[in-house]
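Enquirer: Got a sequence here, can you build the structure:
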Amino acid sequence: MTNTAPRIKPVTSPAASATAAAPTTLPLLSRESGDSLVDQIVRTVQSRIDDKLLRTGARMPSIRQFAELHGVSRFTVVEAYDRLVAQGFLESRRGSGFYVRERSPVAGTAPTGTVVPLRSNSGHPGNEYGMGDNTSSQSQQLDVVWLVRNMFRQMPPQKMPGGGLLPPDWLDGDLIGNGLRSVGRQNQSLLTYGTPQGFLPLRQQLQLKLAELEIAAAPEQIVMTSGVTQGLDIVARHFLRPGDVIFVDDPAWFLMFGSFAAMGAKVVGIPRLADGPDIPRLAELAAVHKPRLYVINSVLHNPTSTSLSAAKAFQILRLAEEHDFTIVEDDIYCDMHPGAGVQAATRIAALDQLQRVIYLGGFSKTLSANLRVGFIATSPELARHLSDRKMLSTLTTSEIGERVIYKILSEGHYRKHAERLRNRLNGVRDKVVRQLERVGLDTGLATGSGMFIWTDAGRDTNVLTEKAMAQGFLLAPGSLFSPNQLPSTKMRINVAGMADPGIWRFLDEELGR
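Expert: Below you'll find the model as predicted:
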């Protein structure tokens, strides 16, 4: 018997074929992958249903037909179908077979600034905005909730050029595994709560790390969090009341828009330029809105990978003092920046020394997103308040992850690991930029550091994303990254996620037309 079965052929029904442009080929079932055949079938069918390539009411092949079509046993198909029924994707009709089940849609209107559906009056993305390159009447309706959900699907990393993480084979699993085994031998320490402010030796280690960035922060000024995401949430909940205004970059990291709006805040975007925000626009909007917070990526901004100039850092701090708002500096990409020479980066926290600036950092991009270890650095008084707020909502963060990170930092492994990541990114970035330009993408903002390139496709990237998903690739359209969520011609590219030749063929075919 060969190691791989024939390709999974698309399952169709009158409803599905009339409304969905299903791909002609889908991923192989592999007996050599780490996943069972049952898991692969379940994941593939779930994916087709989530992507609306299999519509509600579509009849699945019988167990015998599916088994014969894909070269697997009937027992395998029975187990896969049973799991899909249990998870609400399929329903079993006695004497008739299995059908795609109706799933509850995400409904409701959202306040200004949150993630809202991107649908035009005609039902197709972009039509009412005059963006061009519209799809036919068979095109599925694409919205931001659909896109965000797919951003976090467990797809193969080589199929996610729009993803926000480095591929697992770029990271050091052995480094994490060794750290976990070492911590696992400390039995007694793992059986109780940690401290609300976080594992003290790690906070002491972070004091040294921040000092290298010219940010003075004693351990009592540092609060450990479950990633930067929780750090942003804790800070926002401390400062914001319903009706308050919060500034974000435009474009910026998309998940925070909905989170802030759910707190009742009004989210206002500040145009981001190559060296930081548009300062005249920031001054104008600050005078009008009197924001409570301004959240900014100063170094290797997501999605453009641009960094803040020293002049603009000073101007932002001056405007914050003039209009009395607090700056939240998200520096999650800190260790992907070379930190010296012509690309030297400026942190606002280094200018302010944590008086009006709250500094956030973490290790999800460089070590492991699953460990969920981040931190807040701020003034001593505010650190106490934020630690109390964290304690009231989650008691403590996991000390296991914090101990693993401490071991990696304190034993000197992290510095070498970060350097290897930077070198590897440098080794692929220029090549990717040249290839992107060859297929017709404008890479005018491309920088010499970081994992992202902010490109311009010259057409609605919502439509491009939809077409790519039908072929099994996940892109990140520009509409995701703006608080107004309007269709955009921009698109974020992860340079580490462009190794699959199929994505280059797709872009060449679509943009070369």
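
Enquirer: so where is this structure shaky, pLDDT-wise?
Expert: Low-confidence segments of the chain, defined by pLDDT under 70: 1-34, 103-148, 150-154, 187-189, 340-344, 513.

Enquirer: What segments of it are strands?
Expert: Assigned by DSSP state E, the strands in the chain fall at 90-93, 97-100, 222-225, 245-250, 266-273, 276-277, 293-296, 326-330, 357-362, 374-377, 452-456, 476-477, 490-494.

Enquirer: quick one: buried residues of the last one?
Expert: In other words, strand 490-494. 490-494 (16 or more other Cβ atoms under 10 Å). Any C-beta I mention is one placed from the backbone N, CA and C, and that applies to glycine too.

Enquirer: Show me how far that strand is from its chain's centre.
Expert: Relative to its chain's centre, strand 490-494 lies at 12 Å (Cα atoms, centre = their mean, to the nearest Å).

Enquirer: which residues touch stretch 156-168?
Expert: 151, 169, 302, 364-366, 369, 421, 451, 465, 472-477, 491-494, 496-500, 503 (Cβ atoms under 8 Å, 6 or more residues apart in numbering).

Enquirer: start to end distance for it?
Expert: 10 Å (Cα to Cα, to the nearest Å).

Enquirer: and residue 505, how many neighbours does it have?
Expert: The tally of other residues near residue 505 (other Cβ atoms under 10 Å) stands at 12.

Enquirer: try residue 186
Expert: The burial count for residue 186: 12, using other Cβ under 10 Å.

Enquirer: a markdown table for the strands of the chain, including distance to residue 213?
Expert: What follows is the strands of the chain, written out as a markdown table (distance: least, Cβ to Cβ, whole Å):
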| stretch | distance to residue 213 |
| --- | --- |
| strand 90-93 | 52 |
| strand 97-100 | 52 |
| strand 222-225 | 13 |
| strand 245-250 | 20 |
| strand 266-273 | 22 |
| strand 276-277 | 17 |
| strand 293-296 | 16 |
| strand 326-330 | 11 |
| strand 357-362 | 9 |
| strand 374-377 | 10 |
| strand 452-456 | 21 |
| strand 476-477 | 28 |
| strand 490-494 | 25 |
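
Enquirer: relative to its centroid, which residue of the protein is most remote?
Expert: Residue farthest from the centre of the chain, counting by Cα atoms, centre = their mean, is residue 95 at 43.9 Å.

Enquirer: Look up how far residue 65 lies from it.
Expert: From residue 95 over to residue 65 the distance is 16 Å, taken as Cβ to Cβ, to the nearest Å.

Enquirer: Next: residue 324.
Expert: According to Cβ to Cβ, residue 324 stands 68 Å off from residue 65.

Enquirer: Just give me the neighbour total for residue 465.
Expert: Number of residues near residue 465 (other Cβ under 10 Å) recorded here: 25.

Enquirer: What's the separation between it and residue 499?
Expert: 19 Å.

Enquirer: One more: residue 390?
Expert: Distance of residue 390 to residue 499, computed by Cβ to Cβ: 39 Å.

Enquirer: ok, those two, which is more surrounded?
Expert: Neighbours were counted for residue 390 and for residue 499 using other Cβ under 10 Å; residue 390 has more, 26 against 14.

Enquirer: Surely that one and residue 234 touch.
Expert: Yes - using Cβ atoms under 8 Å, residue 390 is in contact with residue 234, at 5.5 Å.

Enquirer: so what sits against both of those two?
Expert: Both residue 390 and residue 234 are contacted by 223, 225, under the criterion Cβ under 8 Å, 6+ apart.

Enquirer: how about the nearest residue to residue 283 once chain neighbours are set aside, what does it touch?
Expert: Excluding the flanking residues, the one nearest residue 283 by Cβ to Cβ, 6 or more residues apart in numbering is residue 319, at 5.7 Å. Applying Cβ under 8 Å, 6+ apart to residue 319 gives the contacts 279, 282-283, 286.

Enquirer: can you check residue 393 too?
Expert: 234, 237.

Enquirer: For residue 84, see how far away it is.
Expert: Residue 393 sits 35 Å away from residue 84, going by Cβ to Cβ.

Enquirer: Kindly report the same for residue 176.
Expert: Distance from residue 176 to residue 84, by Cβ to Cβ: 33 Å.

Enquirer: higher neighbour count, the two?
Expert: Set residue 176 next to residue 84 and count neighbours by other Cβ under 10 Å: residue 84 wins out with 22 against 18.

Enquirer: Assess the claim that that one and residue 48 are in contact.
Expert: No - in this structure, residue 84 is not within contact of residue 48 by Cβ under 8 Å, at 11.0 Å.

Enquirer: from the buried residues of strand 490-494, which single one is nearest residue 481?
Expert: Relative to residue 481, the closest of the buried residues of strand 490-494 is residue 492; by Cβ to Cβ it sits at 6.8 Å.

Enquirer: from what I can see that closest one touches residue 452, true?
Expert: Yes - the pair residue 492 and residue 452 qualifies as a contact (Cβ under 8 Å) at a distance of 5.5 Å.

Enquirer: Can you check which residues contact both of the two?
Expert: Common contacts of residue 492 and residue 452 (Cβ under 8 Å, 6+ apart): 302-303.

Enquirer: Show me what counts as buried in the longest helix out of those in the chain.
Expert: Using DSSP state H to define each element, the chain has its longest helix at helix 413-438. For helix 413-438, burial by neighbour count (16+ other Cβ under 10 Å) applies to 413-414, 417-418, 421-422, 425, 429, 432-433, 436.

Enquirer: mind putting these in CSV, distance to residue 242 included?
Expert: Shown next, in CSV, are the buried residues of helix 413-438 (distance: Cβ to Cβ, whole Å):
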residue, distance to residue 242
413, 45
414, 41
417, 43
418, 41
421, 41
422, 42
425, 41
429, 43
432, 44
433, 44
436, 43
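
Enquirer: and the gap between the residue positioned nearest the centre of the chain and residue 77?
Expert: With distances taken as Cα atoms, centre = their mean, the residue of the chain nearest its centroid is residue 164 (4.4 Å). According to Cβ to Cβ, residue 164 and residue 77 sit 35 Å apart.

Enquirer: and what of residue 194?
Expert: 46 Å.

Enquirer: Those two: which has the busier surroundings?
Expert: Neighbour tally, residue 194 and residue 77, criterion other Cβ under 10 Å: the higher count belongs to residue 77, 25 against 20.

Enquirer: What's opposite the closest residue to residue 331 other than its chain neighbours in the beta bridge?
Expert: In space, residue 331 comes closest to residue 361 once its chain neighbours are excluded; the distance is 5.1 Å by Cβ to Cβ, 6+ apart. Beta bridges link residue 361 to residue 375, judged by DSSP bridges.

Enquirer: I'd say residue 361 and residue 332 touch.
Expert: Yes - between residue 361 and residue 332 there is a contact under Cβ under 8 Å: 6.5 Å.

Enquirer: Overlap in contacts, these two.
Expert: Joint contacts of residue 361 and residue 332 (Cβ under 8 Å, 6+ apart) are 228, 374.

Enquirer: could I get the contacts of residue 319 as CSV with neighbour count?
Expert: Below are the contacts of residue 319 laid out as CSV (neighbours: other Cβ atoms under 10 Å):
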residue, neighbour count
279, 17
282, 23
283, 17
286, 21
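
Enquirer: Filter the residues you listed down to the ones in helices?
Expert: Per DSSP H, the contacts of residue 319 map to helices at 279, 282-283, 286.

Enquirer: Next, format these as CSV and append distance to residue 244.
Expert: Below are the ones in helices among the contacts of residue 319 laid out as CSV (distance: Cβ to Cβ, whole Å):
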residue, distance to residue 244
279, 23
282, 17
283, 19
286, 14
